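**Q** show me the folded form of this:
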Amino acid sequence: MAKYVFVTGGVVSSLGKGIAAASLGRLLKARGLKVINQKLDPYINVDPGTMNPFQHGEVFVTDDGGETDLDLGHYERFTGENLRRTSNVTSGSVYLSVIQKERRGDYLGDTVQVIPHITNEIKDRVRRVGQEGADVVITEVGGTVGDIESLPFLETIRQFGNEIGRENALFVHVTLVPFIATSDELKTKPTQHSVAELRSKGIHPDVIIVRSDRDIDEEIRKKISLFCDVSPEAVIAAPDASDIYQVPLDLNEGGLDDVVCDRLNIITGPPNLDAWSAMVDKAASATDEVTIGIVGKYVDLPDAYLSVVESLRHGAAAHGLNLDLKWIPSDELTGLLADSYFEDLDGIVVPGGFGYRGVEGKIQAIRYAREQRVPFLGLCLGLQCAVIEFARGALGLADANSTEFDPSTPHPVIDLMSSQEDVEDKGGTMRLGLYAAKLAEGSKVRSMYGEELVYERHRHRWEVNNRYRSDLEGSGMRLSGLSPDDNLVEYIELVDHPYFVATQAHPEFRSRPDDPHPLFVGLVEAASRLRSGRDVTDAAEESVSS
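**A** Numbers count the residues shown, from 1 in each chain. A predicted model of the protein is given here:
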């Protein structure tokens, strides 16, 4: 039987429950355990697929096509486990399922209530993950203890803990100890109130992870232990870290995994964190940097491109470089001054997205990368924009476009490749999840992946129009990856460019800090070469002028 760890949060949101849950997953996996993470989200949306990125951040996609919360990205990057859609549970999906069962008559005329029907549905979702072969299931409850939306989830995990026995369930509470500058001291009262609120819901935390902007001393830990009725060794300090991948090491030093294993009666050896620690040390010791620009329309909320940013960091760290990230709003790239945004960049990334706003700016950035031979990586919509730009600039098709943006374009180089009716459930019209691609022999992408058949996650509706494939290839664009049936373009690259690569997929979802994705590693390598060439040129010019 699987053991279950439930992670809650208090005082304020954005304390880092997701990072804490992911870090605990890494520590337990380093002890040889099979770990599966799960997120219980209180919002009423069925899934994040139709939510505004400015409000919610990126939509993370699983192998089986689940559109999920971005915390699943943290879980996968830290643990290296490929999760399924069952790892994301929203209030909306729970209520929808219960209502559908009621309509079918599954409840035999019972009055449907939060208890037991909603809580039983949530328990089923939690139990289902434990039946997927996990030794430990780590379930994070979104929001804070005081949120009205979270109450059914808190009641559920209370019931669940009692049903499976306290030797099989453990509650971790992440809370804040703020520093008050005027009194020059850390305050534990918010933590005390948060724990009291949690206990009023019938949940007694076994472990308290204390978030703060600085180290907390033994006196503070003892005070929290005394007032919150938690043993001193179970009060774990988690001060701010400059690198989120340092957090598992900090929590291990604080004894988190020891306490969890002891309370759940899990017998293992110590965690093997040597490789993880070496990776963190390599990133911390980097001195040189590379400057990459992300051109998108959601740049005011960086979480909208969270996996892209992390993948770039992975690629930079693999080369012993720091990432200097520049955010470039695509809807501002108009007119003669547009190119000024790119002049100091070593590489350009155009990520995915939906809708017409900002597309012409992305095309402008791709034109610059193509003409100025700046390393470029296009992701999903980035590939589609690259095809549009190439059709306009190299094929001379000035009106080339996607039918998503201009349904009447005379040159629909990007189009729907299958009949997709307008339906209310917009998530039902997309190519979602893991798909295979064949990589052409001798291509850049084949050399980077090191194999012919690769699998990546997708989330899109439009494809490269096959009517234009021969024209594109005849002008220097290599269609370097196709679907196994040769019907869909999955990768493109320019033959005579240092690094101009794009994919219809979202490779950022499969990059890991200890296993960086080859497309991002390749981009950073090309960007580093460009920067080194510039440095040599600048040094030569300075020598001549002096």
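**Q** so Val210 is in which element?
**A** strand 207-212 (DSSP states H and E).
**Q** if you count neighbours, what's buried in the following helix or strand past that strand?
**A** Downstream of strand 207-212, the next assigned helix or strand under DSSP H and E is helix 218-228. For helix 218-228, burial by neighbour count (16 or more other CB atoms under 10 Å) applies to Ile220, Arg221, Lys223, Ile224, Ser225, Cys228. Glycine gets a C-beta too; all of them are placed from N, C-alpha and C.
**Q** about what we covered before: the strand holding Val210 pairs with which strands?
**A** Take DSSP bridges as the rule and strand 207-212 pairs in its sheet with strand 169-176 (parallel), strand 235-239 (parallel).
**Q** of all those, which one is nearest Tyr43?
**A** Ranking the strands paired with strand 207-212 by distance to Tyr43, with CB to CB as the measure, places strand 169-176 first at 19.4 Å.
**Q** mind checking how far the closest one is from the chain centre?
**A** On the basis of CA atoms, centre = their mean, to the nearest Å, strand 169-176 sits 23 Å off its chain's mean C-alpha point.
**Q** ditto for stretch 26-35
**A** Distance of stretch 26-35 from the chain centroid (CA atoms, centre = their mean) equals 21 Å.
**Q** what residues sit buried inside it?
**A** Arg26, Leu27, Leu28, Lys29, Ala30, Arg31, Leu33, Val35.
**Q** tell me the centre residue of the protein?
**A** Gly73 (3.5 Å; CA atoms, centre = their mean).
**Q** which SSE is that residue in?
**A** helix 71-79.
**Q** and the residue lying closest to Glu456 once chain neighbours are set aside, how many residues sit next to it?
**A** Using CB to CB, 6 or more residues apart in numbering and skipping residues adjacent in sequence, the residue nearest Glu456 is Ala505, 3.4 Å away. Using other CB atoms under 10 Å, Ala505 has 28 neighbouring residues.
**Q** residues touching Ala505, list them.
**A** Leu379, Cys380, Tyr435, Ala437, Glu456, Arg457, His458, Glu490 (CB atoms under 8 Å, 6 or more residues apart in numbering).
**Q** secondary structure element holding Ala437?
**A** Going by DSSP H and E, Ala437 is in strand 431-439.
**Q** mind listing what's buried along that strand?
**A** Using 16+ other CB under 10 Å as the test for burial, strand 431-439 gives Arg431, Leu432, Gly433, Leu434, Tyr435, Ala437, Lys438, Leu439.
**Q** from those, pick the one nearest Asn45.
**A** Nearest to Asn45 among the buried residues of strand 431-439, with distances taken as CB to CB, is Leu432, at 16.4 Å.
**Q** so which strand or helix has the closest residue in space to that closest one that isn't next to it in sequence?
**A** Nearest in space to Leu432, with sequence neighbours left out and distances taken as CB to CB, 6+ apart, is Gly65 at 3.7 Å. Using DSSP H and E, Gly65 falls within no helix or strand.
**Q** quick check: Gly65 touching Gly433?
**A** Yes: here Gly65 reaches Gly433: they are 3.0 Å apart, a contact under CB atoms under 8 Å.
**Q** still on that earlier bit, same for the helix holding Gly73, what does it pack against?
**A** Counting contacts by 3 or more CB pairs under 8 Å, 6 or more residues apart in numbering; DSSP states H and E, helix 71-79 packs against helix 17-29, strand 35-41, strand 60-61, helix 306-318.
**Q** and the next helix or strand past it?
**A** Assigned by DSSP H and E, the successor of helix 71-79 is strand 88-90.
**Q** picking that back up, and the residue nearest to Leu432, how many neighbours does it have?
**A** When neighbours are counted by other CB under 10 Å, Gly65 comes out with 18.
**Q** contact partners for it?
**A** Going by CB under 8 Å, 6+ apart, Gly65 touches Arg85, Leu432, Gly433, Leu434.
**Q** how far away is it from Leu27?
**A** 30 Å (CB to CB, to the nearest Å).
**Q** if we can go back for a sec, so can I have JSON lines of the contacts of Gly65 showing pLDDT and distance to Glu102?
**A** Converted to JSON lines, these look like this (pLDDT from 0 to 100; distance: CB to CB, whole Å):
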{"residue": "Arg85", "pLDDT": "96", "distance to Glu102": "23"}
{"residue": "Leu432", "pLDDT": "94", "distance to Glu102": "28"}
{"residue": "Gly433", "pLDDT": "96", "distance to Glu102": "30"}
{"residue": "Leu434", "pLDDT": "97", "distance to Glu102": "34"}
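**Q** ok, so of these, who is nearest Arg211?
**A** The closest of these to Arg211 turns out to be Arg85 (CB to CB; 29.5 Å).
**Q** can you list phi and psi of the closest residue to the closest one other than its chain neighbours for me?
**A** Leaving aside its chain neighbours, Arg85 sits nearest to Gly66 (2.7 Å; criterion: CB to CB, 6+ apart). Per-residue torsions, Gly66: phi -70, psi 130 (degrees, to the nearest 10).
**Q** count of residues packed around Gly66?
**A** With other CB under 10 Å as criterion, Gly66 counts 22.
**Q** in the stretch 301-450 of the chain, which spans are strands?
**A** 322-329, 347-350, 376-379, 400-402, 411-416, 431-439 (DSSP state E, counting those that start in this stretch).
**Q** tabulate the ones you listed in CSV, adding columns for distance to Gly255.
**A** Below are these laid out as CSV (distance: least, CB to CB, whole Å):
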stretch, distance to Gly255
strand 322-329, 31
strand 347-350, 40
strand 376-379, 40
strand 400-402, 54
strand 411-416, 54
strand 431-439, 38
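**Q** give me the residues contacting the strand holding Ala437.
**A** With CB under 8 Å, 6+ apart, strand 431-439 has contacts from 61-67, 445-446, 449, 451-461, 480-484, 486, 490-491, 505.
**Q** where does the chain dip in pLDDT?
**A** Residue ranges of the chain with pLDDT under 70: 418-429, 535-546.
**Q** and the gap between the residue nearest to Phe405 when sequence neighbours are not counted and Ile388?
**A** Spatial nearest neighbour of Phe405, chain neighbours left out: Tyr356 (4.5 Å); criterion: CB to CB, 6+ apart. According to CB to CB, Tyr356 and Ile388 sit 12 Å apart.
**Q** and the strands paired with strand 207-212, which is most packed in?
**A** Each of the strands paired with strand 207-212 was scored by mean neighbour count; the highest is strand 169-176, a mean of 24, by mean count of other CB atoms under 10 Å.
**Q** helix or strand right after it?
**A** strand 179-180.
**Q** partners of that next one in the sheet?
**A** Strand 179-180 has these strand partners (DSSP bridges): strand 185-186 (antiparallel).
**Q** residues in contact with the strand it pairs with?
**A** Counting contacts by CB under 8 Å, 6+ apart, the residues outside strand 185-186 that touch it are Val177, Pro178, Phe179, Ile180, Ser212, Arg214, Ile216, Ile220.
**Q** now do that strand: distance to the chain's middle.
**A** 34 Å.
**Q** give the next helix or strand downstream of that strand.
**A** Note on strand 185-186: by DSSP H and E, the next helix or strand toward the C-terminus is helix 189-200.
**Q** just to revisit the earlier point, mind putting the strands paired with strand 207-212 into TSV with distance to Lys189?
**A** Formatted as TSV, the strands paired with strand 207-212 follow (distance: least, CB to CB, whole Å):
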stretch	distance to Lys189
strand 169-176	11
strand 235-239	15
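**Q** quick one: closest of the ones you listed to Asp300.
**A** If we rank the strands paired with strand 207-212 by CB to CB, the stretch that ends up nearest is strand 169-176, at 25.5 Å.
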